[in-house]
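>>> Pasting the sequence and the predicted model now:
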There are 2 protein chains.
Amino acid sequence: MQAIIISVGDELTLGQTVDTNSAWLSARLAELGTMTRAHLTVPDDQAAIVRAVRQASELAEWVVITGGLGPTKDDLTRQALAEVQGGPMVMHAPSLAKIEQFFKDRGRVMTESNRVQSLAPAGAMVLDNPQGTAPGLRLAVGRAQVFSMPGVPLEMKAMFEQHLAPLIAAQAGRTILTRKINTLGIGESMVGEALGDLMRRDRNPVVGTTVSSGIVSVRIRSDFPTRVQAQAELDRTASAVKDKLGTAVFSEGDVSLAVVVGELLQARHRTVATAESCTAGLVAAMLTEVPLSSAWFLGGWVVYANRMKTEALGVPSELIAREGAVSEQVVRRMAAEALQRSAGDYALALTGVAGPGGGSPEKPVGTVWIGLGKNMAGQVHVAAERFLLFGDRAMVRERAAKTALNMLRLELLKTDDR
Amino acid sequence: MQAIIISVGDELTLGQTVDTNSAWLSARLAELGTMTRAHLTVPDDQAAIVRAVRQASELAEWVVITGGLGPTKDDLTRQALAEVQGGPMVMHAPSLAKIEQFFKDRGRVMTESNRVQSLAPAGAMVLDNPQGTAPGLRLAVGRAQVFSMPGVPLEMKAMFEQHLAPLIAAQAGRTILTRKINTLGIGESMVGEALGDLMRRDRNPVVGTTVSSGIVSVRIRSDFPTRVQAQAELDRTASAVKDKLGTAVFSEGDVSLAVVVGELLQARHRTVATAESCTAGLVAAMLTEVPLSSAWFLGGWVVYANRMKTEALGVPSELIAREGAVSEQVVRRMAAEALQRSAGDYALALTGVAGPGGGSPEKPVGTVWIGLGKNMAGQVHVAAERFLLFGDRAMVRERAAKTALNMLRLELLKTDDR
């Protein structure tokens, strides 16, 4: 059984709203063992909706429509479904009563246009909307079951769980399970080479890669008749992927790098502080996205102006004048000062050229020095590395911050629990 | 002339990634006077891509494809386009040379799979990608012009502006222009009340509101036969909107609050420093998203642990013990210390309860104290205000940071140029 998702709305085809419903529905359908063959988005245009529904019902067994069920003149999904059916629209008395009650409860005046929401194509089943006034619809078109729900995510999600999920789960003859394995520090093509035959397109589970904000993620999709088999094969492929990629793998799913670093610090009872120039608080902000980060994050210095490097953090102005603010010596001193002044176990220091200006032949835009200081029995040790990061200002800053967190992660992996 | 947008990727039809490219492309196409008839999303499946391209090229004059041009085996858009053309793939020598140079510049090893990115269907025009290694493609399918670009938003946007926008603008017969006016500090319903009849749906230009991350934006869309008329009516409506909303309006379009604050500081030759507890670097990171922010941003202190408040910033530990870290007295002292230690003109200080834990009946999650310090002829003045912000940890932090920036913006509006 396969599905096609149709989203209806001018706001979507005008680009005023990003469609999040289709992704949510696809993810839920996959969990229920049903593949989404396509997403199709059309404007508030009856002919376009009719064409989309006809085409989708030839290609898939489930057609899930969101949007176009509101009370205004630009809401045309009901009429389009009646046209597809070739029959009239009829008033659904329980829906009308519910809408009347909704307005009465709120002391609001019900307008004539709200009555439209209780119309349904003859022969359609009306689906209760526990969260709003627009009921949904279910009807058969050829071999396909067509469902129509409001576009409001809260209402759509509640109706999907109540009306569609049980049906779809019952009829799916197979289970699709997915995992996403996140890596940092190696490029997409190197990940592809490392995975080799695991990425063959005719393989099941199938393995693919995507890149987002410098993170290369490996996606695995396992598609088998039974949940037990799908899970076992998924896990076997995930293990193979992880073996090939080693410590480049930092997490699975939506677990962020900062969460992973936080867990490692927490487990080892270590603390960290920051000293940031080019990233200017980004590393600290990422670390403190994690709830309860106060257990292992102390704080930091944002030393954007050179005067702040000297006066707030104690980096000698002569050193900056001699070596330049973006230099190994300065990043080493920043890390050492942050370590000592915070009395933490680790300190991350960053100084670089985020652009768009400020680059030179020796230090082009994207040049970032990162220092990792650690306190070893009272002795300060700093490892420093130079990176040339790709992208615009925002990307250079984000990649610099993630690269710093990754340096700390790799160091913590080599460190025993305290 | 109409367009259809095709997005390619398993991550989209599996619901692992939300497609933002289609909305961005639709908005740009509308600005260029071209309506989008549909969005179509298909998995990394050659037959599905071929079917989508064939169908789209029958329904629209412009077909814009994103995704499936990467170096790995699951990237199949190139092969699908060759199949649609019914011809072979050929090596594009300049693209291969560019990819080789890209890897050489970064001292990275070019793998065999990267060579695939320089293949193109015979007869296709190869489009330079100024931001990455995957070139785009342009080819004619029936009456339609088909464009294929990478799915990475940065690369896609740069290529659209360079290769497609000039062509499309030249061929469009009407003009749709939009403006977005951004407000902070008043709710969506108050914005709606203030705008009154300007929000009537039968009006042209049409006016609507959307909310994102605490910012209420007013969107105006002007649709007229000529650019001159569309522009004049758009500007007239925008002026009316701004008159009604006053200083709640902080910017237009995608201009961030930080950019506006930076421009005000720059114009007045003032500087700012930060002292952050709950936001932990977020205010500093937002301010330094702005290029050339070194002209007016000095740096700051991230004082997450109370020990850092005392030892790095000089907030007396007795004060913290007596009043609590989230208190008017502590935020005032943080602002005053940051102002004096940075020798800046302004200092923003924040301390609050971001959650999910840490709340109490007196200081529930969302409680944030914000202090704005200013140096007036050597005297330190601090204004402090308490806010109760709504949402989860990430929302409370983001709203706190924006509220702080807005306090500084409103202060700067009352300040003369130096």
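In hand now; what should we look at? All values derive from a computational prediction rather than experimental measurement.

>>> element containing residue A:351, please.
For residue A:351, the host element (DSSP states H and E) is strand A:346-352.

>>> and if you look at residue A:384?
Using DSSP H and E, residue A:384 maps to strand A:379-388.

>>> got it, and residue A:101?
Per DSSP H and E: residue A:101 is located in helix A:93-105.

>>> how distant is that helix from the center of its chain?
Relative to its chain's centre, helix A:93-105 lies at 38 Å (C-alpha atoms, centre = their mean, to the nearest Å).

>>> Can you give me the distance of residue A:235 to residue A:217?
18 Å (C-beta to C-beta, to the nearest Å). In short, each C-beta sits where N, CA and C put it, glycine included.

>>> now swap in residue A:35 and tell me
Look at residue A:35 and residue A:217: by C-beta to C-beta, they are 20 Å apart.

>>> Whichever helix in chain A runs longest near chain B anywhere?
Assignment by DSSP state H gives helix A:393-413 as the longest helix of chain A. Yes - contact between helix A:393-413 and chain B is present through A:393-395, A:397 (criterion: C-beta under 8 Å from any C-beta of the partner chain).

>>> Scan the residues you listed and report the most crowded one.
Per-residue neighbour counts (other C-beta atoms under 10 Å in any protein chain shown) across the residues of helix A:393-413 next to chain B peak at residue A:397, which has 26 neighbours.

>>> didn't that residue look like it was pressed against residue A:279?
Yes - in terms of C-beta atoms under 8 Å, residue A:397 counts as a neighbour of residue A:279; the distance is 5.2 Å.

>>> intersection of neighbour lists for those two?
Residues touching both residue A:397 and residue A:279 (C-beta atoms under 8 Å, 6 or more residues apart in numbering or on different chains) are A:354, B:285.

>>> Could you pull up the residues touching the nearest residue to residue A:121 once chain neighbours are set aside?
In space, residue A:121 comes closest to residue A:82 once its chain neighbours are excluded; the distance is 3.9 Å by C-beta to C-beta, 6 or more residues apart in numbering or on different chains. By C-beta under 8 Å, 6+ apart, residue A:82 lies in contact with A:88-89, A:121-122.

>>> Can you tell me which of these is closest to residue B:153?
Nearest to residue B:153 among the contacts of residue A:82, counting by C-beta to C-beta, is residue A:121 at 39.4 Å.

>>> mind showing which ranges of the stretch 251-400 of chain A have poor pLDDT?
By pLDDT under 70, the stretch 251-400 of chain A contains no weakly predicted segment.

>>> go with 90
Low-confidence segments of the stretch 251-400 of chain A (pLDDT under 90): A:253-254, A:355, A:357-358, A:376-378, A:390-391.

>>> could you pull out the strands for it?
Using DSSP state E, counting those that start in this stretch, the strands assigned to the stretch 251-400 of chain A run over residues A:272-276, A:297-303, A:346-352, A:367-376, A:379-388.

>>> Just the residues contacting the shortest one, thanks.
The list of residues contacting strand A:272-276 from outside it, by C-beta under 8 Å, 6+ apart, reads A:261, A:265, A:282-284, A:287, A:296-303, A:313, A:334-335, A:337-339, A:341-342, A:344-350, A:408, B:281, B:302, B:308.

>>> try it again with 7 Å
Applying C-beta atoms under 7 Å, 6 or more residues apart in numbering or on different chains, the contact partners of strand A:272-276 are A:265, A:282-284, A:296-303, A:313, A:334-335, A:337-339, A:342, A:344-350, A:408, B:302.

>>> again, but for the last one
Here strand A:379-388 makes contact (C-beta under 7 Å, 6+ apart) with A:328, A:331-332, A:335-336, A:339-340, A:366-374, A:403, B:106.

>>> Run through the bridge partners of the residue lying closest to residue A:124 once chain neighbours are set aside.
If the residues on either side of it in the chain are set aside, residue A:124 comes closest to residue A:139, at 4.2 Å by C-beta to C-beta, 6+ apart. Going by DSSP bridges, residue A:139 is paired in beta bridges with residue A:146.

>>> swap in residue A:179?
residue A:220.

>>> Is it in contact with residue A:252, as I believe?
Yes - here residue A:179 reaches residue A:252: they are 6.2 Å apart, a contact under C-beta atoms under 7 Å.

>>> higher neighbour count, these two?
Taking other C-beta under 10 Å, residue A:179 and residue A:252 do not tie; residue A:179 has more neighbours (18 against 15).

>>> Show the contacting residues for that one.
A:220, A:234, A:238, A:252.

>>> Relative to residue A:397, how far out is it?
Using C-beta to C-beta, we find residue A:179 at a distance of 30 Å from residue A:397.

>>> what do you get for residue A:221?
33 Å.

>>> and residue A:132, how many neighbours?
Residue A:132 has 18 neighbouring residues, counting by other C-beta under 10 Å.
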